[in-house]
Every structure is written in C-alpha cells, then in structure tokens.
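Asks: Sequence and predicted structure are below.
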Amino acid sequence: MPDVTASSGLLRTIKVHVEDSGGGGRPVVLIHGWPLSGESWSEQVGPLSAAGHRVVVYDRRGFGRSDKPSKGYDYDTLADDLDGVLSELDLTDVTLVGFSMGGGEVARYVARHGEDRLHSVVFAAAVPPYLLKTDDNPDGPLTEEAAGEMEQGLKDDRTAFFDGFTTDFFSANGELKVTEQQRQDAIALCHQSDQTAALGCMEAFGTTDFRDDLTKITVPTLVIHGESDATVPFEGSGRRTHEAIAGSELVVVPDAPHGFNVSHAVEFNRALLDFLAR
C-alpha cells in the first residue's frame, strides 16, 4: 500500500504507512494504541471489510512502517498527521476509531480540524479525558509516580518492559486472556517502535488534557471499554469520556482487559459493527 505524506505538522515530509482496503462503503479509519502499529487491528479489518466498509489503517509516526523522525510526538502534531491521511485519501463521512492512545488523536483531531469529514467517532479503551492525576484532575488514574516508573522502565530495558507491558495489556484479574503467540506478536510490534517515539508518546498520552477537546464532539459517539482494563482503567477514562460527550453510547465488555480488541474480538466487533450500522 502507498505511504501518505502528512500534509501538516512539524515535519511536512513525514511518510505515514497506510493500508487501505479500497472498499466502496463508508470509510472507517483505525488508529492504533501505544506502542503497537496498525497491524494490531488484524482482528477488525476482515469483519469491517466484510460488512462493506472501506477500512483504512495507518502506523503512527515513529511506529511500525512509518517514518521515525526525532520530534513531533505531541498530540497537536499527531492529530495533524491524521488530518493529512484523511486529506490525502480525500475521505469523507468517516468513522474514526481510536484505541487507547489513538483515542487522544480522535479528540484532538476534532478540536483542531472540526467534524466536516466525520460521520461518527469511537473511543476504544481510550486515554481521554485526562490520565494524569493532578490537583484539578483528582480522578485521573495515572499517578506521577507510576508514570515515572513506566518511563524509567522503558529507558532501562525495552525487552523486559515490553514483556511486562504486554502481559498486563492482555490480562484481566491476573489471567492472560490471549494466547502466548498473540502476546508474542504484540511484543514484536512493540519492538518496531522507535525509542524516541515511544518515550515521546508515553509522555503525550500520560499528560495531555483532553477535557476541553471532548466538549467539541457532536457527532454520534461510541465509548467501548473492557471492564477489567488495568492499563487504562474504565472508571477513570471510559466512564468519564462517556459522561463528557452528550448522547454518547457506552458498551462495557465484561472481564475484558485493555487489549480486548484481540482478547474479546467477537464482542468488540459486534459492538463496533452495530454502532456503524446505525
């Protein structure tokens, strides 16, 4: 599939790797989580295509097969990259599906670029409205101490960090909910990430406040979250996003971990396809 040149952002020549099913139906753009790539949507691409949708998946700058520049890992730039993809492919009537970190791109895209190209949006196990626990955000699920430990762990030993991270990513109540091969596949995607990108995006998703961005969303919205998500806990993220967006629909998948688009793909896809059909 051709790469797309991000039409805005700090570096205008960034190549973003895109896979486009080219289908004739209403487009769905899938935005992956950290520190994976577009390949993490493998359980969704087939069912969405079979339902008639044009499915567009891209690798965030610094991850997967996209360019890995030395800067540009703030959400303003990442949202501009998303705008570059939509503009380059001339996509309209789009549903944006943001998983985990990708939910931040959805929120910031709407705040910066509006909803003219959009049909609807989906926040899947997503980081908004604001992960970091602060004096004015006491319900934020991420403490500064935990954020610092994550950063130091990634700096000290990427291999050990990704091993532990993917175990937590796919576990609910201490039980791994995917096969070991699926976990190893995710680890391989983690290792495709550039270290500068991984650290920069870790800071971005941990410290960016999307509360004002969410107020700009007026298109139909689905919030879907795993009940037992220990990476981006539902109460501090998904529930608050649902409460912040008037008229949004909420689906909570029982006993599901953070990576529930893989571990609970049947339930995830059913909820997504039901939403898209309306």
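Replies: Yep, it's here.
Asks: if I've got this straight, residue 56 is in a strand?
Replies: Yes - under DSSP: H, G, I helix; E, B strand; the rest coil, residue 56 falls within a strand.
Asks: Quick one: neighbours of it, just the number.
Replies: The number of residues packed around residue 56, counting by other CB atoms under 10 Å, is 26. No exception for glycine: its C-beta is placed from N, CA and C like everyone else's.
Asks: now do residue 159
Replies: Counted with other CB under 10 Å, the neighbours of residue 159 add up to 10.
Asks: what's the closest non-adjacent residue to it?
Replies: Using CB to CB, 6 or more residues apart in numbering and skipping residues adjacent in sequence, the residue nearest residue 159 is residue 191, 8.0 Å away.
Asks: residues in contact with residue 265?
Replies: Contact analysis of residue 265 by CB atoms under 8 Å, 6 or more residues apart in numbering lists 43-44.
Asks: State the pLDDT value of it.
Replies: Model confidence at residue 265, given as pLDDT, is 98.
Asks: give me phi/psi at it?
Replies: The main-chain torsion angles of residue 265 are listed as degrees, to the nearest 10 and equal phi -60, psi -40.
Asks: Check the gap between it and residue 40 for me.
Replies: Residue 265 sits at a distance of 12 Å from residue 40 (criterion: CB to CB, to the nearest Å).
Asks: How about the secondary structure of residue 30?
Replies: Look at residue 30: counting by three-state DSSP, its state is strand.
Asks: for it, which residues make a bridge with it?
Replies: For residue 30, the beta-bridge partners under DSSP bridges are residue 57, residue 97.
Asks: was I right about it contacting residue 41?
Replies: Yes - with contacts defined as CB atoms under 8 Å, residue 30 counts as touching residue 41 at a distance of 4.6 Å.
Asks: quick one: common contacting residues for those two?
Replies: 57, 99.
Asks: Leaving out the residues flanking it, which one is nearest to residue 256?
Replies: For residue 256, ignoring the flanking residues on the chain, the nearest one in space by CB to CB, 6+ apart is residue 226 at 3.2 Å.
Asks: Oh, that last question was meant for residue 235, not what I typed.
Replies: Leaving out its chain neighbours, the residue that sits closest to residue 235 by CB to CB, 6+ apart is residue 141, at 7.4 Å.
Asks: Give me the neighbour count for the residue nearest to residue 256.
Replies: For residue 226, the tally of surrounding residues (other CB under 10 Å) stands at 29.
Asks: Please enumerate the strands of the protein.
Replies: Assignment of strands within the chain using DSSP state E yields the ranges 3-5, 15-20, 27-31, 54-58, 94-99, 118-124, 171-172, 175-176, 221-226, 249-253.
Asks: Would you reformat those as TSV and include mean pLDDT?
Replies: Written out in TSV, the entries for the strands of the chain read as follows (pLDDT from 0 to 100):
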stretch	mean pLDDT
strand 3-5	63
strand 15-20	90
strand 27-31	98
strand 54-58	95
strand 94-99	98
strand 118-124	99
strand 171-172	98
strand 175-176	98
strand 221-226	98
strand 249-253	98
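Asks: Could you save those strands as JSON lines and add columns showing distance to residue 213?
Replies: JSON lines is the format used below for these (distance: least, CB to CB, whole Å):
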{"stretch": "strand 3-5", "distance to residue 213": "24"}
{"stretch": "strand 15-20", "distance to residue 213": "22"}
{"stretch": "strand 27-31", "distance to residue 213": "15"}
{"stretch": "strand 54-58", "distance to residue 213": "21"}
{"stretch": "strand 94-99", "distance to residue 213": "12"}
{"stretch": "strand 118-124", "distance to residue 213": "11"}
{"stretch": "strand 171-172", "distance to residue 213": "29"}
{"stretch": "strand 175-176", "distance to residue 213": "34"}
{"stretch": "strand 221-226", "distance to residue 213": "13"}
{"stretch": "strand 249-253", "distance to residue 213": "19"}
